[in-house]
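Peer 1: have a look at this prediction, sequence included:
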Amino acid sequence: MNTPDAVRASERLQLRPVPWAAVEAIVTGDRLPDWAEDFPDTGDRVIARMLYQAGRPEAKPQHPGPWGHYQVVERASGAVVGGIGFRGPPEDGVTEIGYGIVPSRQGHGYATEAVNALLLVAWEQPETNTIIAHTEIGNLASQRVLGKAGFVPAATAATAATAATAAEKRYRLDRPARPARTAE
């Protein structure tokens, strides 16, 4: 289902589109009752400000289909424990992802599980050929997450988009090969 309001579920998590009430609460410094005690984190605040500046979805949709941002929700508690999403729809077959899990839930495999769930969303879209992600050089945990999800280090191109800082490492994941059909 490619609707922007689709909730995606994995074993322990749900990915649900960020509701406008959460965007407003993060921007204004309020708290919603379903947030983990340390949500939002820095990355969540950055994304909320971007969404807020883009305007209410009813007035100006951010991205068509599944290419937006999602809250990472712990199914057992119902708490929002992070965020994950796409930078936008693919350009020339390439899209970028970003993610973060609050410190209280790190070290439990949630980031890996959320990334794998988001990859399924991307691969459902025929226009997706490659997914990229960036990490800070010193963020070994995030690099392990990407490695577990199948990403490999990519050569950093000397462009403004990919070389924003020398302190980043770029990863890429190409669409898995589809099994060849055999004659019956």
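Peer 2: Looks like it arrived, so ask away.
Peer 1: burial of R105, as a residue count?
Peer 2: Per other CB atoms under 10 Å, the neighbour tally for R105 reads 20. Every residue, glycine included, has its C-beta placed from N, CA and C.
Peer 1: that one contacts E74, doesn't it?
Peer 2: Yes - in this structure, R105 is within contact of E74 by CB atoms under 8 Å, at 6.8 Å.
Peer 1: which neighbours do the two share?
Peer 2: Taking CB atoms under 8 Å, 6 or more residues apart in numbering as the contact rule, R105 and E74 both touch 36, 81.
Peer 1: for the longest helix seen in the chain, which positions count as buried?
Peer 2: Ranked by residue count under DSSP state H, the longest helix found in the chain is helix 110-124. Across helix 110-124, burial judged by 16 or more other CB atoms under 10 Å covers 110-119, 121-122.
Peer 1: now, among the residues you listed, which is nearest to I97?
Peer 2: I97 lies nearest to L118 out of these, by CB to CB, at 6.0 Å.
Peer 1: and the pLDDT for the nearest residue to that closest one once chain neighbours are set aside?
Peer 2: Spatial nearest neighbour of L118, excluding adjacent residues (CB to CB, 6 or more residues apart in numbering): I84 at 5.4 Å. At I84, the predicted lDDT confidence score is 97.
Peer 1: check the one 3 residues further on too.
Peer 2: At R87 the predicted local distance difference test score is 92.
Peer 1: just give the closest residue to it, not the sequence neighbours.
Peer 2: E96 (4.0 Å).
Peer 1: where's the one you found relative to A9, distance?
Peer 2: From E96 across to A9, the span is 23 Å (CB to CB, to the nearest Å).
Peer 1: ok, these two, which is more surrounded?
Peer 2: Using other CB under 10 Å as the criterion, E96 and A9 rank with E96 on top: 19 against 12.
Peer 1: now tabulate the buried residues of helix 110-124 in a markdown table and tack on distance to R49 and pLDDT.
Peer 2: Shown next, in a markdown table, are the buried residues of helix 110-124 (distance: CB to CB, whole Å; pLDDT from 0 to 100):
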| residue | distance to R49 | pLDDT |
| --- | --- | --- |
| Y110 | 24 | 98 |
| A111 | 22 | 98 |
| T112 | 27 | 97 |
| E113 | 26 | 97 |
| A114 | 21 | 97 |
| V115 | 23 | 97 |
| N116 | 27 | 97 |
| A117 | 25 | 96 |
| L118 | 21 | 96 |
| L119 | 26 | 96 |
| V121 | 24 | 94 |
| A122 | 24 | 95 |
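Peer 1: number of nearby residues for the residue nearest to L118?
Peer 2: Neighbourhood size, I84 [other CB under 10 Å]: 25.
Peer 1: next, it: secondary structure please.
Peer 2: strand (DSSP: H, G, I helix; E, B strand; the rest coil).
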